[in-house]
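1. Have a look; sequence and predicted model below, questions after that.
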Amino acid sequence: MLNIPRVTENGRLGPVNSAVVPRYGGAPTFALLPRLDEVEGTGRKADVKVVGVPFDSGVSYRPGARFGPGHVRQSSRLLRPYNPATDTSPFAQVQVADAGDLAVNPFNIHEAIEAIEADALELTEDGASLMTLGGDHTIALPLLRAAAERAGSPVALLHFDAHLDTWDTYFGAEYTHGTPFRRAVEEGILDTDAISHVGTRGPLYGRKDLEDDRRFGFGIMTSSDVYRLGVDEIVARLRDRVEGRPLYISVDIDVLDPAHAPGTGTPEAGGMTSRELLEILRGLRGLDLVGADVVEVSPAYDHAELTGIAAAHVAYDLIGLLGERA
Ligand SMILES: N=C(N)NCCCC(=O)O
Ligand SMILES: [Zn+2]
Ligand SMILES: [Zn+2]
């Protein structure tokens, strides 16, 4: 089809109009949004760019997150343009486009990390912000580097994850999916007065893991805190920690219980529900969100697109938050 009919609201080029073209056909861009080159071809510029990073050479257990971006896009076909939970139309408030996947070397982690940082800087040169689909959690490090560079200062971080990801090395390797936030603290790109994990749970290697993590400045809202304190109290405490600072949000999909997100590399029992995660994110409106990622979706372990759909909805709400700022 030459002219694909799109929802055009508020002057923004939106998703394929699924009242005309069935949503299960055609190119699986995120939420059926236009590609970046299509948007730029109309003389528009994208304020929020969805970008995939098909990289999983940093995993310590089950592989497969390299297929995450494609799976999340496929699972995002049913997203509709209006979000009643926030009374916003995320694709109409700003221009959103799918920038495709970065080309990253699967055999050289150092080269991959450099490429991700450089590409993230290039994609944000025009003032756009990035909604990144991973990929394993290694990719958060170069994304944070680029975010801090663009913000002109270290950034606050809300890290949704079952894991701390502040371990030191695995088999002597410094750059893995279990170590990005320790490296980020060492590099001085995080505002260590304003960093917190959310949804942490599961066995650790030892008490020292928590001692190190606290020394780096991280606060922790565990999965059990979310259950016991409830969403509103968690939101209040998180806002208190990061308000008024440039903020990056990193969501490892394994923050969800394996019942909600089985398709991931290092699952842990006792996680939050997708409803809780979405409600917490919706409580973070009005903050200075400069970038976000959703990582660790490993489709070979997924069933019925459970994990892909959860990740797609999380990205949809994050795009809403990014767009409010833009
Ligand atoms: N899923 C992420 N990002 N990290 C998990 C690392 C857990 C481990 O191998 O000990
Ligand atoms: Zn994790
Ligand atoms: Zn992680």
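-> Looks like it came in fine. Residues are numbered from 1 along each chain as shown. Ligands and ions are numbered 1, 2, ... in the order given.
2. any idea of the mean pLDDT in the lengthiest strand in the chain?
-> Counting residues, the longest strand in the chain under DSSP state E turns out to be strand 190-200. Strand 190-200 shows a mean pLDDT of 98.
3. okay, stretch 217-231 in PDB with CA atoms only?
-> Extracted in PDB, the C-alpha atoms of stretch 217-231 (Å, rounded to 0.1, in the frame of the first residue of the first chain):
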ATOM      1  CA  GLY A 217      24.000   5.900  47.400                       C
ATOM      2  CA  PHE A 218      21.200   3.700  46.300                       C
ATOM      3  CA  GLY A 219      17.900   3.600  48.100                       C
ATOM      4  CA  ILE A 220      15.900   0.400  47.800                       C
ATOM      5  CA  MET A 221      12.100   0.000  47.600                       C
ATOM      6  CA  THR A 222      11.900  -3.800  47.600                       C
ATOM      7  CA  SER A 223       9.100  -5.800  45.900                       C
ATOM      8  CA  SER A 224       7.900  -6.600  49.400                       C
ATOM      9  CA  ASP A 225       7.800  -2.800  50.200                       C
ATOM     10  CA  VAL A 226       5.500  -2.300  47.200                       C
ATOM     11  CA  TYR A 227       3.200  -5.000  48.500                       C
ATOM     12  CA  ARG A 228       3.200  -3.800  52.100                       C
ATOM     13  CA  LEU A 229       3.300   0.000  51.700                       C
ATOM     14  CA  GLY A 230       1.200   0.200  48.500                       C
ATOM     15  CA  VAL A 231       1.600   2.100  45.300                       C
END
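4. any residue of the helix ranked longest in the chain up close to ligand 1?
-> Determined from DSSP state H, the single longest helix within the chain is helix 306-325. No - against ligand 1, helix 306-325 shows no contacts by Cβ under 6 Å from any ligand atom, the least distance being 13.0 Å. In short, each C-beta sits where N, CA and C put it, glycine included.
5. Which positions within that helix qualify as buried?
-> 306-325 (16 or more other Cβ atoms under 10 Å).
6. Let me see the mean pLDDT of it.
-> 97.
7. Secondary structure element holding the most centrally placed residue in the chain?
-> What sits nearest the mean C-alpha location of the chain, by Cα atoms, centre = their mean, is Asp293, with 1.8 Å. Using DSSP states H and E, Asp293 falls within strand 289-295.
8. helices and strands around that strand, which ones?
-> strand 129-134, helix 140-151, strand 247-252, helix 306-325 (3 or more Cβ pairs under 8 Å, 6 or more residues apart in numbering; DSSP states H and E).
9. Next, find the distance separating Val7 from Pro84.
-> Going from Val7 to Pro84 by Cβ to Cβ, to the nearest Å gives 16 Å.
10. Counting neighbours, what do you get for Gly244?
-> 10 (other Cβ atoms under 10 Å).
11. what's the answer for Arg62, then?
-> 16.
12. Not counting its neighbours along the chain, what's nearest it?
-> Of all residues not flanking Arg62 in the chain, Gly265 sits nearest, at 4.2 Å (Cβ to Cβ, 6 or more residues apart in numbering).
13. hang on, the earlier thing: which of the helices and strands packed on strand 289-295 sits closest to Leu33?
-> helix 306-325 (9.3 Å; Cβ to Cβ).
14. Just the C-alphas of the closest one, formatted as CSV.
-> Provided in CSV are the C-alpha atoms of helix 306-325 (Å, rounded to 0.1, in the frame of the first residue of the first chain):
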residue,chain,number,x,y,z
LEU,A,306,2.8,-11.9,28.2
THR,A,307,6.2,-10.4,28.6
GLY,A,308,6.1,-8.6,25.3
ILE,A,309,2.7,-7.0,26.0
ALA,A,310,3.8,-6.0,29.5
ALA,A,311,6.9,-4.4,28.1
ALA,A,312,5.0,-2.6,25.4
HIS,A,313,2.5,-1.1,27.9
VAL,A,314,5.4,0.0,30.1
ALA,A,315,7.1,1.7,27.1
TYR,A,316,3.7,3.3,26.2
ASP,A,317,3.4,4.9,29.6
LEU,A,318,7.0,5.9,29.6
ILE,A,319,6.5,7.6,26.2
GLY,A,320,3.7,9.5,27.8
LEU,A,321,6.0,10.7,30.6
LEU,A,322,8.8,11.6,28.1
GLY,A,323,6.3,13.5,25.9
GLU,A,324,5.0,15.6,28.8
ARG,A,325,8.4,17.0,29.2
